[in-house]
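Asks: Attaching a predicted model along with its sequence, questions to come.
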Amino acid sequence: MPLRHDSADHATADRTFQVDLRGLVDLLSHHLYSSPRVYLRELLQNAVDALTARHGLEPGAPADAFGIRLYADGSVVRVEDDGVGLTEADVHTFLATIGRSSKRAERIAEQRADFIGQFGIGLLSCFLVADEIHVVSRSARTPDAPAVEWRGRGDGSYTVRTLPASTRPRPGTTVTLTPRADAGEWTRPAQVHALARHFGSLLRHPVTFDDGTAGPSGQGAPVNPEPAPWARTHPTPGARSRALAAYGEEVFGFTPLDTIELDLPAVGLKGIACVLPEAVPAGRRHGHRVHVKGMLLSEQAEEILPDWAFFVRCVVDAESLRPTASRESLYEDDTLAAVRDALAERLRAWIARAAASDPELLGRFLQVHHLAVKSLAVHDDEIMRMLLPWLPFETTDGHATLDEFARTHRTVLVTSSVEEFRQVAAIASAAGLGVVNGGYTYDRALVHRLPEVRPEVSVADLDPATLTAHLDPVDRETELAAAAYLAQARDALAVFDCDVALRTFQPASAPALLLDSREARHERTRSQLAREQQGGVWGDILGALRQEAPRAQLILNQLNPLVRTAVTIDEPELARTSAEALYGQAAMLSRRPLRPSESSLINRSFLDLLAHALRKDS
């Protein structure tokens, strides 16, 4: 063993790491792989890679000349392939070495571009369900090659021996597992068959399954009897569309609103995107079903589509995407980024085709997924110009498209919040103003871009002054008669920085309108903090930021019988109480969160009015 000396002149020896294979298997089962079921995927993957190498040796052989056979009867699980097989040297190199990093292994990895996996720890996943792995293989590279047997055990030991060629007459590999008693959930015949269908339904090589009841011929049931639906020939475009939709329903469990065929020849990707028939919350990303060279990689691959594409679920099969070490997700690299961009472009193209040639489909799509399209339109000028007029918004005319709304309102006003819209909607509608609720995600930004596609329309943010300017003033005599009450009301509501005015507006059933934007409330809060912090560091900072704090406005409706009665009250305390009650009702009708002081005012004014009524009756 070589020796070296450290800085303290103490002799130290280079040592070799000892690998606890049982600990490594436990690490795999709890951290690398999502479930013990992946053992069958790894066995299928090794078999497919071996078949790929065999076709490389014999390129003239028919595509179905070599296959994979699975057997499970409850006592053993066996996977047999007609692949390239292993020599004794290969067995030592690839089955008995973990994490090889030599230059030779790197060169081999470079040659495996046509393979699903990489040489490494995949076979160890079998230790999740068995204590011993038995491999018998014969190489196709040398005609007279002997068969080689490898037995690996969970304690880290293994044996290798050569066997006569007659032990395995044809090239290929057989892997046999004797399941542990606690692994029955994953190794029962029915489960093995289900896992084979799950992982291998799109494999390009024939795969069969036998549970011991196949009869003397030994021919098992096909696991992948048909190629992927997009790889089949269909008599008509309509038949193809129906076949793709049926496959999407089989995979995802819903009838797609439409199916979008995906084809990226540069990376060998084919598949479909199924448009969800029901709306989903914004930002909820669905997992997509991704196969690599026919082998299922993941059912929850979120990374192949951008965030805004949450209205579809995809199933794709790709040649050039790179799996992570666990082969349960995709490695984030330039290829994946390019695929994500290309698939996003396919979805944009589908929306454009629907807009141009299928208005019925577009209408059904927008009815369900308008939020997804809005999120896309914010960042995509082409989609914005194409679809903005057809997107639905909440307006003072009800839910309507901007195109419908702009026909009757050449000036479109947009609120900055939902609560602001709710404060003014009924009164703005009665006054003939066209107001759009801009408080929902994306809506305000999109409405402001309407003039880009409808130049005859102007858009502006709703200003409280704009609304009050459309409310009719009362006559001079009425104003003077109510002056004393209005002064009492302003004094009572001064604590809320609220002014009081008297106007007439429809509907007459609305006694009062409270105009108080979120920005105004924030500015008043900042001003109050500045006053409270005078003299301190924070007071100087807040004072520098302070602007003239905008006041809220309580607009009383002279057309309302309750208000007409209130303005005649000549008892100061009752006048104050009635003003507080009107303010509280208007605050509740605005549907914004109430401040503690406002909740207290509402309770107090109600009790005071009740007490006054009781005193009057007595």
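Replies: Thanks, I have it.
Asks: so which strand or helix has S416?
Replies: Secondary structure assignment for S416, by DSSP states H and E: no helix or strand.
Asks: Thought Y440 was touching it, still the case?
Replies: No - counting by CB atoms under 8 Å, S416 does not reach Y440; the two are 11.2 Å apart. (C-beta placed from N, C-alpha, C; glycine too.)
Asks: ok, then the element right after the helix or strand bottoming out on mean pLDDT in the chain?
Replies: The helix or strand of the chain with the poorest confidence is helix 103-110; it has a mean of 38 (mean pLDDT, DSSP states H and E). Sequence-wise, the next helix or strand downstream of helix 103-110 (DSSP H and E) is strand 130-138.
Asks: Sheet partners, orientation included, of the helix or strand harbouring L413?
Replies: Taking DSSP H and E as the criterion, the element that holds L413 is strand 411-414. Each strand paired with strand 411-414, and its direction, by DSSP bridges: strand 435-436 (parallel), strand 458-461 (parallel).
Asks: possible to save the ones you listed as TSV with mean neighbour count, distance to G122 and mean pLDDT?
Replies: As requested, these are exported to TSV (neighbours: other CB atoms under 10 Å; distance: least, CB to CB, whole Å; pLDDT from 0 to 100):
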stretch	mean neighbour count	distance to G122	mean pLDDT
strand 435-436	26	57	94
strand 458-461	15	59	93
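Asks: Assess the claim that D90 and A140 are in contact.
Replies: No - D90 is beyond contact range of A140, at 11.6 Å (criterion: CB under 8 Å).
Asks: Who has more neighbours out of the two?
Replies: A140 (20 against 17; other CB atoms under 10 Å).
Asks: list the contacts for that one?
Replies: By CB atoms under 8 Å, 6 or more residues apart in numbering, the contact set of A140 is 54, 57-58, 83-85, 171-172.
Asks: For the stretch 451-600 of the chain, give me the ranges with low pLDDT.
Replies: 517-549 (pLDDT under 70).
Asks: quick revisit: so can I have JSON lines of the strands paired with strand 411-414 showing distance to L614?
Replies: Below are the strands paired with strand 411-414 laid out as JSON lines (distance: least, CB to CB, whole Å):
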{"stretch": "strand 435-436", "distance to L614": "42"}
{"stretch": "strand 458-461", "distance to L614": "47"}
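Asks: could you pull out the helices for the stretch 501-618 of the chain?
Replies: 518-532, 537-545, 561-566, 572-589, 596-617 (DSSP state H, counting those that start in this stretch).
Asks: Tell me what angle the strand or helix carrying G56 forms with strand 130-138.
Replies: G56 is part of helix 38-57 when elements are defined by DSSP H and E. For helix 38-57 against strand 130-138, the angle by axes from the mean of the first three to the mean of the last three CA atoms, to 10 degrees is 10 degrees.
Asks: Next, the buried residues of helix 38-57.
Replies: Buried residues in helix 38-57, counting neighbours by 16 or more other CB atoms under 10 Å, are found at 38-55.
Asks: again with stretch 229-242
Replies: 229-230, 240.
Asks: so where is the stretch 1-150 of the chain shaky, pLDDT-wise?
Replies: 1-22, 24-32, 96-121.
Asks: again with the stretch 251-400 of the chain
Replies: Along the stretch 251-400 of the chain, segments meeting pLDDT under 70 span 282-285, 325-327.
Asks: same thing but at 50, please
Replies: By pLDDT under 50, the stretch 251-400 of the chain has no low-scoring segment.
Asks: Show me where it has its helices.
Replies: Under DSSP H, counting those that start in this stretch, the stretch 251-400 of the chain gives helices at 334-357, 359-379, 381-387.
Asks: Run the chain-centre distance for the longest one.
Replies: Once both centres are worked out by CA atoms, centre = their mean, to the nearest Å, helix 334-357 turns out to sit 17 Å from its chain's centre.
Asks: Put the alpha carbons of it into PDB.
Replies: Provided in PDB are the C-alpha atoms of helix 334-357 (Å, rounded to 0.1, in the frame of the first residue of the first chain):
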ATOM      1  CA  ASP A 334     -30.400  23.300 -23.300                       C
ATOM      2  CA  THR A 335     -32.200  20.500 -25.100                       C
ATOM      3  CA  LEU A 336     -35.100  20.500 -22.500                       C
ATOM      4  CA  ALA A 337     -35.300  24.300 -22.700                       C
ATOM      5  CA  ALA A 338     -35.500  24.100 -26.500                       C
ATOM      6  CA  VAL A 339     -38.200  21.400 -26.300                       C
ATOM      7  CA  ARG A 340     -40.200  23.500 -23.800                       C
ATOM      8  CA  ASP A 341     -40.100  26.600 -26.200                       C
ATOM      9  CA  ALA A 342     -41.000  24.500 -29.200                       C
ATOM     10  CA  LEU A 343     -44.000  22.900 -27.500                       C
ATOM     11  CA  ALA A 344     -45.100  26.300 -26.300                       C
ATOM     12  CA  GLU A 345     -45.100  27.400 -29.900                       C
ATOM     13  CA  ARG A 346     -47.200  24.400 -30.900                       C
ATOM     14  CA  LEU A 347     -49.800  25.500 -28.300                       C
ATOM     15  CA  ARG A 348     -49.800  29.100 -29.600                       C
ATOM     16  CA  ALA A 349     -50.200  27.800 -33.200                       C
ATOM     17  CA  TRP A 350     -53.200  25.700 -32.100                       C
ATOM     18  CA  ILE A 351     -54.900  28.800 -30.500                       C
ATOM     19  CA  ALA A 352     -54.200  30.800 -33.700                       C
ATOM     20  CA  ARG A 353     -55.700  28.100 -35.900                       C
ATOM     21  CA  ALA A 354     -58.800  27.900 -33.600                       C
ATOM     22  CA  ALA A 355     -59.200  31.700 -33.800                       C
ATOM     23  CA  ALA A 356     -58.800  31.700 -37.600                       C
ATOM     24  CA  SER A 357     -60.900  28.700 -38.600                       C
END
